[in-house]
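J.: Quick one, what's the 3D model for this:
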Amino acid sequence: LHVIPASIRVKKKERNIKTARKNLEKLIKYYDKLLSELSKEYDLIILDCAPGLDLEAIAMMHVAGGLIIVTNPDYPSVVTAVKAVEYAKHLKMPVGGIVLNKVTNKNYELTKKEIEDTLGVKVIEKIPFDKKIPKSIAKRIPIVLFKPHSKASIAYKKLAASLLGEKYKRNFIKSIFRIK
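T.: Got it, this is the predicted structure:
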């Protein structure tokens, strides 16, 4: 597993449509070349980008073979997800599913059914809210290694298995004795 993060540079919003279009074309070429090289070594490449539809996210959508949308179960996040689904349809890109993140199952959250009905896309996994995640981020240790038996870790492992076309099997003995 190798991780190449999305850009962390803060960029000034493009106000000139011609400049924005040129920058988008440059990003598309860059990501297309990067994916061409990486696909020689990897069977599966996951492009992770920041929430929203900035130029980088749009460029990634142009070169990706499919889209999985990660969203929180709240109105502002789902509105952004709707935009991503609509843009994917415009590109004729398959949307493989929705991952609901930071789920608390409180009555003020949108339900899985409401989100599926709104987006017209199936929820493939629900990741529960886990207060240990900020601590794992601060320590720079993925939650699946930091707290491998937490509900969030298990949900991430199920998601990873399903993306690989496999079924997640939890080792009962390891989980009882908290063995990694």
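
J.: quick one: the lengthiest helix in the chain to chain centroid distance?
T.: Ordering each helix of the chain by length in residues (DSSP state H) puts helix 17-38 first. With CA atoms, centre = their mean, to the nearest Å as the basis, helix 17-38 stands 20 Å off its chain's centre.

J.: Give me the buried stretch members for whichever helix or strand comes after that helix, please.
T.: Downstream of helix 17-38, the next assigned helix or strand under DSSP states H and E is helix 55-63. For helix 55-63, burial by neighbour count (16 or more other CB atoms under 10 Å) applies to 55-63. Bear in mind the C-beta positions are built from the backbone N, C-alpha and C, glycine included.

J.: packing partners for the longest helix of the chain?
T.: helix 55-63 (3 or more CB pairs under 8 Å, 6 or more residues apart in numbering; DSSP states H and E).

J.: that older thread, which of the residues in the longest helix of the chain are buried?
T.: Buried, per 16+ other CB under 10 Å, within helix 17-38: 23-24, 27-28, 31, 35.

J.: and that helix, average pLDDT?
T.: Helix 17-38 shows a mean pLDDT of 90.

J.: returning to that earlier point: can the buried residues of helix 55-63 go into TSV with extra columns for distance to residue 114 and pLDDT?
T.: What follows is the buried residues of helix 55-63, written out as TSV (distance: CB to CB, whole Å; pLDDT from 0 to 100):
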residue	distance to residue 114	pLDDT
55	30	86
56	29	86
57	24	89
58	27	91
59	31	91
60	27	90
61	25	92
62	30	92
63	31	92
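
J.: can you tell me which residue is nearest the centre of this protein?
T.: Central residue of the chain (CA atoms, centre = their mean): residue 70, 4.4 Å from the mean position.
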